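1. have a look at this prediction, sequence included:
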Amino acid sequence: MIQLILLSILVLIVLYSLRQWLQSLSPQAGAKARKTLVVVGLLGFLVFVARANWVIPVVGALVAGLVRLAPMLLTLLPGLLKALRRSPIGEPGDAPPPKPGGGRMSRQEAYEILGLEPGASRDSIVGAHRRLMQKMHPDRGGSDYLAVKINQARDTLLSN
């Protein structure tokens, strides 16, 4: 039984690593890599099932174990999901934490954050904000701090 638990942990680690790797790729390369991984995984599973006649009892044992553990797993699920959605702290390239009492953002700082020249049009401000948020949103691996700064820069430039 301990071998099945260790195998399950190993599979989860591999899946998490693959997820992180796929998120680091461009959208086009990520889509191709996902398709390739699905095909290779299915072929590997079929070969594994064809060669191992002990797979069905193992799957049955895993299902029985999951049924017994389901009540405990369901109580842990909200906390686990919350932990997985939280952005990592201290990643290389993260911006420094905000200074207390930083106050309002200057227009010059807002232009620098959005990568625009002073006097940019409303459409270019909105476009730059959209592009940056697609890259830096916390749901896509960015940090909460950067998302707040990007939103604050947009609001500062569009307020006048």
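-> Perfect, thanks for sending it.
2. average pLDDT for the longest helix anywhere in the chain?
-> The single longest helix within the chain, with elements called by DSSP state H, is helix 55-85. Average pLDDT, helix 55-85: 82.
3. also stretch 22-29?
-> The model assigns stretch 22-29 a mean pLDDT of 85.
4. and if you look at stretch 120-134?
-> Mean predicted lDDT for stretch 120-134 stands at 91.
5. what residues of it count as buried?
-> With burial defined by 16 or more other CB atoms under 10 Å, the residues of stretch 120-134 counted as buried are 125, 128-129, 132-133. All C-beta spots, glycine's among them, are computed from the backbone N, C-alpha and C.
6. immediately after the longest helix of the chain, which helix or strand?
-> Counting by DSSP states H and E, the next helix or strand C-terminal to helix 55-85 is helix 107-114.
7. still on that earlier bit, now do the longest helix of the chain: distance to the chain's middle.
-> 22 Å (CA atoms, centre = their mean, to the nearest Å).
8. from the contact counts, what lies against it?
-> If contacts are counted by 3 or more CB pairs under 8 Å, 6 or more residues apart in numbering; DSSP states H and E, helix 55-85 sits against helix 2-24.
9. go ahead and name everything in contact with the helix it packs on.
-> Helix 2-24 is contacted by residues 30, 33-34, 37, 58, 61-62, 65, 140-141 when judged by CB atoms under 8 Å, 6 or more residues apart in numbering.
10. helix, strand, or coil at the most far-flung residue of the chain relative to its centre?
-> Seen from the C-alpha centroid of the chain, the residue lying at the greatest distance (CA atoms, centre = their mean) is Asn53, 37.2 Å away. Counting by DSSP: H, G, I helix; E, B strand; the rest coil, the backbone at Asn53 sits in coil.
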